[in-house]
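Q: attaching a predicted model along with its sequence, questions to come.
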Amino acid sequence: MEEAAADGVTLELLREARETVQSSPLGVINTPMVPWCRTSLPPRTSCNIHIKLENMQRTGSFKIRGVANQFARRQKGGHFVTMSAGNYGKSFAYASRHYGTKGKVVMPETAPASRSTLIQSFGVEVERVPTSCLMNVVNRCVKEEGMTFLHSYDDLDLIAGHASLGMEILEVVPEPDVVVVCCGGGGLLAGVAAAIKLSGSTGTRIYGVEPEGACTMYRSYIEKKPVGMDTKSVASGLAPPFAGSLPYELCQRYVEQIVLVSDEEIRVAVSTLYRSGLVVEASGAAAFAAIVSGKIPDMEGKNVVCILSGGNIGKDELAHFPD
């Protein structure tokens, strides 16, 4: 079933989704991509790195891209439920308010309370539960309350919407040697990788980055099937309880490798970016952490793209990162 769905991810489908995202009334923007050398980040001379600033995207993260495509293709006026640690939930709530749909976000208890409050401010209900219970609660809402489930990462329309980011990258760097993308459930990684590879950049090496304590896609590669685990990381947005089936299939086709970073490496990355004037959340800084920690092989002399995927971090959270 997943294989057939992966076969259905074509360049034509992704181009159509990009047009939908670009014309969406949700106001998705083509975010800036800047050379590392034009920032105040510590100098790196071994390679040419471009940074894609999705932390400046509408609602503060890349998630609005997939949500724009999902809502455009779903029946308006429905009653939707989803699960999210924050960023998808925020975009989901933003879209729900715009389209006048009812919504509920099931959140892990480990997610910052400030994110629950923000999502509720859009008029969407929030239920906080242990991470292991997320899907049980979603299934209850579907069965007992008649809600429609919108998946936050394992969804064809969502992944196709995220692919718009990959297409934007190619407009600035037509033939990147290396692209580094964070990975939670795998929706962004799958979409970006499919867009780049199907557009003809077959030689580009694409790396996914996961936290050591939430490495579901990494384990899925080892076990050769999507797997789950008890996840825990400072990057709560990269810690869903299982890898997505469709993202796994697409990553198997188009992603070179999944690399792991520690929570401490993520914390240092957030602080380094902040000192340089870039407000990036822990989940959004994972790709950057992998680059500065030397986890990405063979970058010397290469054209590299690093995606900063989100900037939704509050002052209360920043207090837990090193100065």
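A: Sure thing, it's come through.
Q: in three-state terms, label residue 16 for me.
A: Using DSSP: H, G, I helix; E, B strand; the rest coil, the three-state assignment for residue 16 comes out as helix.
Q: whoops, residue 259 was the one
A: Per three-state DSSP, residue 259 ends up strand.
Q: okay, and the beta partners of it?
A: Using DSSP bridges, the beta-bridge partners of residue 259 come out as residue 209.
Q: so what's it up against?
A: Residue 259 makes contact with 207-210, 290, 295-296 under the criterion CB atoms under 8 Å, 6 or more residues apart in numbering. Glycine gets a C-beta too; all of them are placed from N, C-alpha and C.
Q: how about those residues, which pair is most distant?
A: 210 and 296 (13.4 Å; CB to CB).
Q: who has more neighbours out of those two?
A: Using other CB atoms under 10 Å, the more surrounded residue of residue 210 and residue 296 is residue 210, with 28 against 23.
Q: quick revisit: who wins for most neighbours among the contacts of residue 259?
A: Taking other CB under 10 Å as the neighbour criterion, residue 209 ranks highest of the contacts of residue 259 with 32 neighbours.
Q: now residue 227: how far from residue 24?
A: 34 Å (CB to CB, to the nearest Å).
Q: so for the two, which sits in the more crowded spot?
A: residue 24 (20 against 17).
Q: residues contacting the more buried one?
A: 68-69, 72.
Q: excluding chain neighbours, what is closest to residue 79?
A: The spatial neighbour of residue 79 that comes closest, neighbours along the chain excluded (CB to CB, 6 or more residues apart in numbering), is residue 102 at 4.4 Å.
Q: quick check: the one you found touching residue 92?
A: No - the criterion here is CB atoms under 8 Å, and residue 102 misses it with residue 92 at 11.6 Å.
Q: what's the helix or strand for the residue positioned nearest the centre of the chain?
A: For the chain, residue 188 is the residue whose C-alpha lies nearest the centre (CA atoms, centre = their mean; 4.4 Å). With secondary structure defined by DSSP states H and E, residue 188 is part of helix 187-198.
Q: care to break the chain down by domain?
A: Following the assignment in automatic domain parsing, the chain carries domains at 2-61+155-318, 63-149.
Q: ok, of those, where does mean pLDDT dip lowest?
A: Note on the domains of the chain: domain 63-149 shows the lowest mean pLDDT, a mean of 91.
Q: so can I have CSV of the contacts of residue 24 showing distance to residue 270?
A: Formatted as CSV, those follow (distance: CB to CB, whole Å):
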residue, distance to residue 270
68, 27
69, 29
72, 33
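Q: narrow these to those in helices?
A: Using DSSP state H, 68-69, 72 are the members of those that sit in helices.
Q: columns neighbour count and distance to residue 44 on top of these, output as CSV?
A: Below are these laid out as CSV (neighbours: other CB atoms under 10 Å; distance: CB to CB, whole Å):
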residue, neighbour count, distance to residue 44
68, 29, 34
69, 29, 34
72, 19, 39
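Q: and of the residues you listed, the nearest to residue 193?
A: residue 69 (17.0 Å).
Q: near the nearest residue to that closest one once chain neighbours are set aside, how many other residues are there?
A: Of all residues not flanking residue 69 in the chain, residue 161 sits nearest, at 3.1 Å (CB to CB, 6+ apart). By other CB under 10 Å, the residues close to residue 161 number 31.
Q: for residue 59, give its distance to residue 7.
A: Remark: distance between residue 59 and residue 7 (CB to CB) = 31 Å.
Q: so between those two, which is more surrounded?
A: The residue with more neighbours, out of residue 59 and residue 7, is residue 59; 24 against 10, by other CB under 10 Å.
Q: now do the buried residues in the longest helix seen in the chain.
A: Scanning the chain for the longest helix, with DSSP H as the assignment, gives helix 156-172. Within helix 156-172, the residues scored as buried using 16 or more other CB atoms under 10 Å are 156-170.
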